[in-house]
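Visitor: quick one, structure for this:
(4 chains)
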Protein chains: 2
Amino acid sequence: MADEPLSAGAVARRLGVAVTTLRTWHQRYGLGPSQHVPGHHRRYTPADLARLEVMRKLTAEGVSPAEAARWAKQSPAVSPALEQRLRAGVGRDGGGQTIPVGRAGPAARGLARAAMRLDSTAISGAISHALATDGVIATWESLLRPVLFGIGERHAATAGLIEVEHLMSRCVSEAFSAVASRGRPTGPARILLSCADEEQHTLPLEALAAALAEAGVAYRTLGARVPVAALIEAVNRTGPAAVAVWSHTRATADPGQLSALLAMPRRPLLVLAAGPGWRAETLPAGVVRPVDLAEAVSLALAVRDSLDQSTGD
Amino acid sequence: MADEPLSAGAVARRLGVAVTTLRTWHQRYGLGPSQHVPGHHRRYTPADLARLEVMRKLTAEGVSPAEAARWAKQSPAVSPALEQRLRAGVGRDGGGQTIPVGRAGPAARGLARAAMRLDSTAISGAISHALATDGVIATWESLLRPVLFGIGERHAATAGLIEVEHLMSRCVSEAFSAVASRGRPTGPARILLSCADEEQHTLPLEALAAALAEAGVAYRTLGARVPVAALIEAVNRTGPAAVAVWSHTRATADPGQLSALLAMPRRPLLVLAAGPGWRAETLPAGVVRPVDLAEAVSLALAVRDSLDQSTGD
DNA sequence: AATTCGACGCAGCAATCGACGCAACTCGTA
DNA sequence: TACGAGTTGCGTCGATTGCTGCGTCGAATT
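Guide: The predicted model follows:
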């Protein structure tokens, strides 16, 4: 890109707003050229322009201007990446889930064996040990997900192992909730986690919750099978800054749920479509689709940081 | 922290109450922004917010709103000792958008209120406090069951509150699992807990599990929706002395499941038909039907003791 | 000469205000 | 057991407030 500073008129024309609006944004929200001598003309650097692009995009999506300005001001590094993603929608398509349990290492094998034995003590022990050693994200990606997937595959093939699956789920759930109850939240919960309508799989969402708790982020969880009306209602009542909706299969991935969120009077700043159910091309604009747990966590962190100022305490 | 004054909507969202409720609190109890010109918008300072937090905290514990407001108004912080006394609660208590808990006491009312606000922190806190103070059985019978029943009734009547139900279930489940993980079992697990086929309600079974853990009894849980074949298979593999099968509604209470257990080659000593789904006259002979949680626990204890005697292990 | 600056004002719109009422729950009483 | 009284959260309504984008004006900058 060109690195020559732009005049106010040029920037205004490029953004599609009036010149006076740029001035207003500067003096009302402090969103202007980083270097500006009062009385002299404003010269916008590319970085300043990027900030304004974020501002324009967010306001165009219905975010309150004051809040949009706060977001735009305090995200010099995050905003370009996020903006990129907002436009492109996705990175990779959800593939690569063909990992056999064997490839996931000896820990996974031991866990799977304990599950077969219905040995809940050993299962819980292995999981909590891994969580304490490697953290939530690594444990989920390289231990729990492979084992759960393996059990699910066997279950589908042999129509058996239902007890194993249940027991395993329960132990994982317990381990996550233990992590969640250990972390102390700072400030109010501005992030809402929910399953899609009819979606029954909760574990990935609990993994996200545990990861957030591990990072010290406060959140709310709604759980499985959340009807659209209930989700809207919950967002209305709690007014979160970000909402993550999990969908495991395409059958539960109705994009209308996300559109409904975006169309709300006070819509959340960030809407995350999480899970392999969602299809990139059917997602409404303005929805972010994280590819894995780590990305979902980092996005949530970005929202938390940018809102610390406005929500304060 | 940030001392930026908050609007009424922002405060309402943060506390989880409606905007109109904030106004009501202001004009009924005088609990509002310290500086407020009639006609102008309310601007809540951090100090005002702190007062409201006290209000919310006290009501979440079952204190009558009028009294809670009196305390919140004249105290920057509430000492734990006085808080205890307030919880005894006198004066009438009204309704609004609440959950009927009947005569279950102020603790149940507070829990129900926290659930309505989707305040998982308050919910978990209240539950674990009750568990630590009164034990699993008393907490289940006089706190959790009434509230869960109330939510369920409301949910059936209004077709709403699904989020509340899910969140509450999750918090209860977490609290029980915390109890279960604290208790150290003595000896091998000779008691198997399972849901009936197609039965989805797990919470009562988890209550039983927690109560057993509290009593130092080792057990195994299979979870929800256990097909008969899976149950038989699990009994075969683990050879328990007692099996409890939970059924919540008649639809899931197929006596054949129990007969199958009794007909096994090495049948369990005791088969418990737990839950309101079972009908006494259709149960096969040799099946015991406990009327409440306490009885189920004492039966399990009796089995454990008789085993200790005979095997001398 | 063409822009842009700071200051001021205005119109549209969303949020909020005060007032009122409803529904639901609890408790005391019959 | 049923019913009225007292409480309380919250929805609704018409009016008001305050935020927001932008036009205008005289002076300063480029």
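Visitor: tell me where chain A is predicted with low confidence.
Guide: For chain A, the stretches with pLDDT under 70 are A:1-3, A:61, A:75-105, A:155-160, A:184-187, A:265-266, A:304-313.
Visitor: now do the strands in it.
Guide: Using DSSP state E, the strands of chain A run over residues A:191-195, A:220-221, A:242-246, A:270-274, A:287-288.
Visitor: can you redo these as TSV with mean neighbour count and distance to DNA strand C?
Guide: Glycine gets a C-beta too; all of them are placed from N, C-alpha and C. Below are the strands of chain A laid out as TSV (neighbours: other C-beta atoms under 10 Å in any protein chain shown; distance: least, C-beta to the nearest atom of the strand, whole Å):
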stretch	mean neighbour count	distance to DNA strand C
strand A:191-195	27	18
strand A:220-221	24	20
strand A:242-246	28	17
strand A:270-274	25	17
strand A:287-288	21	21
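Visitor: what's the local residue count around the residue nearest to A:Glu174 when sequence neighbours are not counted?
Guide: The shortest distance from A:Glu174 to any non-neighbouring residue, by C-beta to C-beta, 6 or more residues apart in numbering or on different chains, is to B:Ser177 (4.2 Å). Number of residues near B:Ser177 (other C-beta atoms under 10 Å in any protein chain shown) recorded here: 23.
Visitor: swap in A:Ser64?
Guide: A:Ser64 has 14 neighbouring residues, counting by other C-beta under 10 Å.
Visitor: could you measure from it over to A:Ala130?
Guide: A:Ser64 sits 43 Å away from A:Ala130, going by C-beta to C-beta, to the nearest Å.
Visitor: the residue nearest to A:Glu174 reaches A:Ala175, doesn't it?
Guide: No - applying C-beta atoms under 8 Å, one finds B:Ser177 not in contact with A:Ala175, separated by 9.1 Å.
Visitor: so which of the strands of chain A gets nearest B:Ala138?
Guide: Among the strands of chain A, the nearest to B:Ala138 by C-beta to C-beta is strand A:220-221 (27.5 Å).
Visitor: and chain A, which residues reach DNA strand D?
Guide: When proximity is defined by C-beta under 7 Å from any atom of the strand, chain A lies next to DNA strand D at A:17-18, A:20-21, A:24-25, A:28, A:39-41, A:59, A:64-66.
Visitor: just the buried ones from the residues you listed?
Guide: A:17, A:25, A:59, A:65 (16 or more other C-beta atoms under 10 Å in any protein chain shown).
Visitor: nearest to DNA strand C among those?
Guide: When those are compared for distance to DNA strand C (C-beta to the nearest atom of the strand), A:Pro65 wins out at 10.0 Å.
Visitor: what sits closest to that closest one if chain neighbours are left out?
Guide: Per C-beta to C-beta, 6+ apart, closest to A:Pro65 is A:Thr59, 5.3 Å.
Visitor: repeat for A:Ala66
Guide: Nearest one to A:Ala66, counting by C-beta to C-beta, 6+ apart, is A:Tyr29 at 6.8 Å.
Visitor: does that neighbour touch A:Trp71 like I think?
Guide: No - counting by C-beta under 8 Å, A:Tyr29 does not reach A:Trp71; the two are 10.7 Å apart.
Visitor: neighbour count: these two, which is higher?
Guide: Taking neighbours as other C-beta under 10 Å, A:Tyr29 and A:Trp71 compare with A:Trp71 leading, 26 against 16.
Visitor: from A:Ala280, how far off is the more buried one?
Guide: Distance of A:Trp71 to A:Ala280, given as C-beta to C-beta: 24 Å.
Visitor: ok, the residue of the stretch 101-250 of chain A found nearest DNA strand D - contacts?
Guide: Closest to DNA strand D within the stretch 101-250 of chain A is A:Arg237: 7.6 Å, counting by C-beta to the nearest atom of the strand. By C-beta atoms under 8 Å, 6 or more residues apart in numbering or on different chains, the contact set of A:Arg237 is B:13, B:16, B:18, B:117-118.
Visitor: of the residues you listed, closest to A:Arg154?
Guide: For the contacts of A:Arg237, the nearest to A:Arg154 is B:Leu118 (37.0 Å; C-beta to C-beta).
Visitor: now do the contacts for the closest one.
Guide: Shown in contact with B:Leu118 (C-beta under 8 Å, 6+ apart): A:220, A:222, A:234, A:237-238, B:16, B:163-164, B:167.
Visitor: TSV for the buried ones among the residues of chain A next to DNA strand D, including distance to DNA strand C?
Guide: Output for those, formatted as TSV (distance: C-beta to the nearest atom of the strand, whole Å):
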residue	distance to DNA strand C
A:Val17	13
A:Trp25	11
A:Thr59	12
A:Pro65	10
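Visitor: just the residues you listed now: which is nearest A:Ala112?
Guide: The closest of those to A:Ala112 turns out to be A:Thr59 (C-beta to C-beta; 50.8 Å).
Visitor: so that closest one touches A:Ala66, yeah?
Guide: No - using C-beta under 8 Å, A:Thr59 and A:Ala66 do not qualify as a contacting pair, with a distance of 10.0 Å.
Visitor: residue numbers of the stretch 1-150 of chain A in contact with DNA strand C?
Guide: Within the stretch 1-150 of chain A, the positions adjacent to DNA strand C are A:7-10, A:19-20, A:22-24, A:26-27, A:38-42, A:64 by C-beta under 7 Å from any atom of the strand.
Visitor: switch to 10 Å and redo it
Guide: A:6-13, A:19-20, A:22-24, A:26-28, A:32-33, A:36-44, A:62, A:64 (C-beta under 10 Å from any atom of the strand).
Visitor: which of these are buried?
Guide: Counted by 16+ other C-beta under 10 Å, these give A:6, A:8, A:11-12, A:22, A:26, A:32-33, A:42-44 as buried.
Visitor: taking the residues of chain A next to DNA strand D one by one, which sit in helices?
Guide: Secondary structure assignment by DSSP state H places A:20-21, A:24-25, A:28, A:59, A:65-66 of the residues of chain A next to DNA strand D in helices.
Visitor: ok, which pair from the residues you listed is furthest apart?
Guide: Of all pairs drawn from those, the one with the longest distance (C-beta to C-beta) is A:Thr20 and A:Ala66, at 17.9 Å.
Visitor: looking at the buried ones among the residues of chain A next to DNA strand D, which is nearest A:Glu199?
Guide: Of all those, the one with the least separation from A:Glu199 (C-beta to C-beta) is A:Thr59, at 32.1 Å.
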